[in-house]
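[1] Sequence and predicted structure below; questions after.
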Amino acid sequence: MKTSPFIPMSFLFPLASEAPAGIYSQPERIRLKINNARFWIAYGVAFAAMVLAPCFYFITYGMDYVKRFDLNGCAFYSNNMADDDITMQAVIKKKIRCDDRKYVYITLFPGGSRMSVIQCEKETGPFLRPNCISYYYTGNPL
């Protein structure tokens, strides 16, 4: 079997089924099919890992909210900057009502001069569409 010294046969005929009859023996064709299958499986796994890894990172990246209490059928959550008392104070002072949006997420920022309130119809989580509204308060919100 003659091959070019510069171009390997695997480059010219990557698939055993594409190779002209007579160039490869039966065992070589089987070996090429197996190697080709391994290549595509490895390629598929690598591609899936590259595409899906960032997705899983963002899906599993949770917002650091702790459920503080339930009040009038609503669930109130807040970040680690606000304990139960501060969360209750924010609910009372800002008169947060949750008529159709039963999940309320309160975020306090360092320095205490900003607060965000996110009200959602459903709990937040991966693959969910919580349908939220956000309110942002500045200048000593409590």
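    That came through fine.
[2] where's residue 131 relative to residue 122, distance?
    7 Å (C-beta to C-beta, to the nearest Å). Bear in mind the C-beta positions are built from the backbone N, C-alpha and C, glycine included.
[3] Please identify the helix or strand for residue 51.
    In the assignment (DSSP states H and E), residue 51 maps to helix 26-60.
[4] any idea which helix or strand comes after that helix?
    strand 66-71.
[5] and residue 23, how many neighbours?
    The local packing of residue 23 (other C-beta atoms under 10 Å) involves 15 other residues.
[6] pLDDT score for it?
    Looking at residue 23, its pLDDT stands at 73.
[7] Does residue 117 touch residue 94 like I think?
    Yes: under the criterion of C-beta atoms under 8 Å, residue 117 makes contact with residue 94 at 6.8 Å.
[8] Those two: which is more packed in?
    Shown here are residue 117 and residue 94; by other C-beta under 10 Å, residue 117 has more neighbours (20 against 15).
[9] what sits against the more buried one?
    Residues in contact with residue 117 (C-beta atoms under 8 Å, 6 or more residues apart in numbering) are 90, 94, 96, 104, 105, 106, 107, 134, 135, 136, 137.
[10] could you flag which of these are buried?
    Neighbour counting with 16 or more other C-beta atoms under 10 Å marks 90, 96, 104, 105, 106, 107, 137 as buried within these.
[11] about what we covered before: save the contacts of residue 117 as JSON lines, and put in distance to residue 52, pLDDT and secondary structure too.
    Output for those, formatted as JSON lines (distance: C-beta to C-beta, whole Å; pLDDT from 0 to 100; DSSP: H, G, I helix; E, B strand; the rest coil):
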{"residue": "90", "distance to residue 52": "38", "pLDDT": "88", "secondary structure": "helix"}
{"residue": "94", "distance to residue 52": "40", "pLDDT": "88", "secondary structure": "coil"}
{"residue": "96", "distance to residue 52": "38", "pLDDT": "88", "secondary structure": "coil"}
{"residue": "104", "distance to residue 52": "32", "pLDDT": "93", "secondary structure": "strand"}
{"residue": "105", "distance to residue 52": "27", "pLDDT": "93", "secondary structure": "strand"}
{"residue": "106", "distance to residue 52": "33", "pLDDT": "92", "secondary structure": "strand"}
{"residue": "107", "distance to residue 52": "29", "pLDDT": "90", "secondary structure": "strand"}
{"residue": "134", "distance to residue 52": "29", "pLDDT": "93", "secondary structure": "strand"}
{"residue": "135", "distance to residue 52": "35", "pLDDT": "92", "secondary structure": "strand"}
{"residue": "136", "distance to residue 52": "33", "pLDDT": "92", "secondary structure": "strand"}
{"residue": "137", "distance to residue 52": "38", "pLDDT": "91", "secondary structure": "strand"}
